[in-house]
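Student: Pasting the sequence and the predicted coordinates here, then a few questions.
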Amino acid sequence: MADAALRLTALAEELLGERLPVRIRAWDGSESGPPGAPVLVIRNRRALRRLLWKPGELGLARAWVAGELDIEGDLYEALDLMAALIWERGDDTKDGVHPVRDPRVRAFAKGLLRLAGPWPPPPPPPEEMRRRSGTRHTKGRDKAAISHHYDVGNDFYELVLGPSMVYSCAYWEDGGNLEDAQRDKLDLVCRKLALKEGDRLLDVGCGWGSMAIHAAREYGARVTGVTLSVEQAAFARKRIAQEGLTDRIEIRVQDYRDVRDGPYDAISSIGMAEHVGAVRFREYADDLYALLKPGGRLLNHQIARRPEQDESAYHVDDFIDAYVFPDGELAPVGRTLATLEEAGFEARDVESLREHYALTLRRWVANLEKHWDRAVRMTSPGRARVWRLYMAASALSFEHNKIGVNQILVVRPAEGGASRTPLRTRVWTASATG
């Protein structure tokens, strides 16, 4: 009798103490759960063995990347429903009982074991980052982490990001498209940095060269871009040559800690500081401060997390760490700003772009889904599945204010404390609601 879905539903509802809001379809063809709801498809019993071996997010992620788990229906709705039941529950259990000793957890594990099939679990998917020896955020380990994330094929990124090749949140207006919104974001950064003809700009984590090209072409800046990704650098240099800007832009494969040719008039750091790590962030702030001339500006565009009541309890998301951004870390915006101030910078402006990133990610997911077969051919089925899950889940996190993204404009004060910035740096519009 094909009843795996019914048994799994019963086990899950007993563990959670409430009805499952998603439907389950199991490998034996059985289905259970509310009609019309998104369907969690368990294609192979190996998924259960992965979950038993690595309970929680990493086990689920491995099954998803391997294609043993899938979702039919609205991906965002399904992730929302499952997040409320699983990820947002945390590790707390009734009456403070440790999960291993909780009789519901033990009963659930025993039930899964009977359904899971022969032991042991399969190895992790090849897309998982496993060469992680050494101290976090050393130059060598950072280079390996960046390569894992970015050196997966420029064609793949162009398919997802679009012609702009900008891998950070766009700056949206109603009815705009992705390309216009990314151009507007780059221009916003240039205007905040007050770039002008002949200014020296250091673009830290320059990606595929989009910021460097915009600053040189539209503002006449002389730009040095640094990246740890060999593939990014090659792509950026080709674009720069096609634009006829090789006399204004230099792209280096170089760690920002090794840049020694300051001073610069301005520094942009867009979507790069998330790779720095808490233990190195003061060093990052000190190095960029030293590279700026007095009166020079730094624009730090960085994803932020909500602060923890106990900051020592913060840990990197297992799925993100294993498959997307190895060793990546998020900090609360207040901590980031405080560290920049401790290094000597003066804060001049902080702007939240949280909703802008949600919109951007949904466009990237749509691009990936539209060109799914090409994406799989360019990389692997597992890699494409990593990106679809990562970007969709991240969009929801921004929408629900689980994480945010901010542009922090700081200045290295000139002699006597002069900031060399206007008295008013922004124009606020009146509220539509009064």
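Tutor: Yep, that arrived.

Student: Regarding the chain, what is its longest helix?
Tutor: When the chain is parsed with DSSP state H, its longest helix is helix 381-399.

Student: Would you mark the buried spots in it?
Tutor: Neighbour-count burial for helix 381-399 flags 381-399 (criterion: 16 or more other CB atoms under 10 Å). (C-beta placed from N, C-alpha, C; glycine too.)

Student: Partner strands of the helix or strand that it is followed by and their direction?
Tutor: Going down the chain from helix 381-399, the next helix or strand is strand 403-411, by DSSP states H and E. Next to strand 403-411 in the sheet, as set by DSSP bridges, lie strand 292-305 (antiparallel), strand 346-352 (antiparallel).

Student: Can you tell me the closest non-neighbouring residue to residue 83?
Tutor: residue 396 (7.1 Å; CB to CB, 6 or more residues apart in numbering).

Student: My error: substitute residue 275 in the last question.
Tutor: residue 328 (5.8 Å).

Student: Tell me where the model's unsure across this protein.
Tutor: Across the chain, the ranges flagged by pLDDT under 70 are 1, 86-102, 131-134, 136-137, 139-140, 142-151, 429-434.

Student: quick revisit: I'd say the residue nearest to residue 83 and residue 80 touch.
Tutor: Yes. Using CB atoms under 8 Å, residue 396 is in contact with residue 80, at 6.1 Å.

Student: what separates the residue nearest to residue 275 from residue 277, distance-wise?
Tutor: Plainly put, residue 328 is 8 Å away from residue 277 if you go by CB to CB, to the nearest Å.

Student: Show me what counts as buried in stretch 267-284.
Tutor: Of the residues in stretch 267-284, 267-277, 280-281, 283-284 count as buried by neighbour count, 16+ other CB under 10 Å.

Student: In strands, which of these appear?
Tutor: 267, 268, 269, 270 (DSSP state E).

Student: Tell me who's in contact with the first one.
Tutor: Contacts for residue 267 were tallied using CB atoms under 8 Å, 6 or more residues apart in numbering; they are 201, 202, 203, 204, 288, 291, 292, 296, 297, 298, 299.

Student: can I get the residues you listed in TSV with distance to residue 235?
Tutor: Below are these laid out as TSV (distance: CB to CB, whole Å):
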residue	distance to residue 235
201	19
202	19
203	15
204	18
288	25
291	25
292	28
296	28
297	27
298	25
299	23
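
Student: which one among these gets closest to residue 213?
Tutor: Residue 213 lies nearest to residue 203 out of the contacts of residue 267, by CB to CB, at 10.0 Å.

Student: Helix, strand, or coil at the residue nearest to residue 275?
Tutor: Following DSSP: H, G, I helix; E, B strand; the rest coil, the label given to residue 328 is coil.

Student: Which residue ranges of the stretch 51-200 of the chain form strands?
Tutor: Remark: strands assigned in the stretch 51-200 of the chain by DSSP state E, counting those that start in this stretch are 69-72, 200-204.

Student: Of these, which stretch is the most buried?
Tutor: strand 200-204 (a mean of 25; mean count of other CB atoms under 10 Å).

Student: and whatever helix or strand comes next after that strand, what does it pack onto?
Tutor: Remark: after strand 200-204, the chain's next helix or strand is helix 210-219, criterion DSSP H and E. Applying 3 or more CB pairs under 8 Å, 6 or more residues apart in numbering; DSSP states H and E, one finds that helix 210-219 contacts helix 178-192, strand 200-204, strand 222-227, helix 230-243, strand 249-253, strand 264-270.
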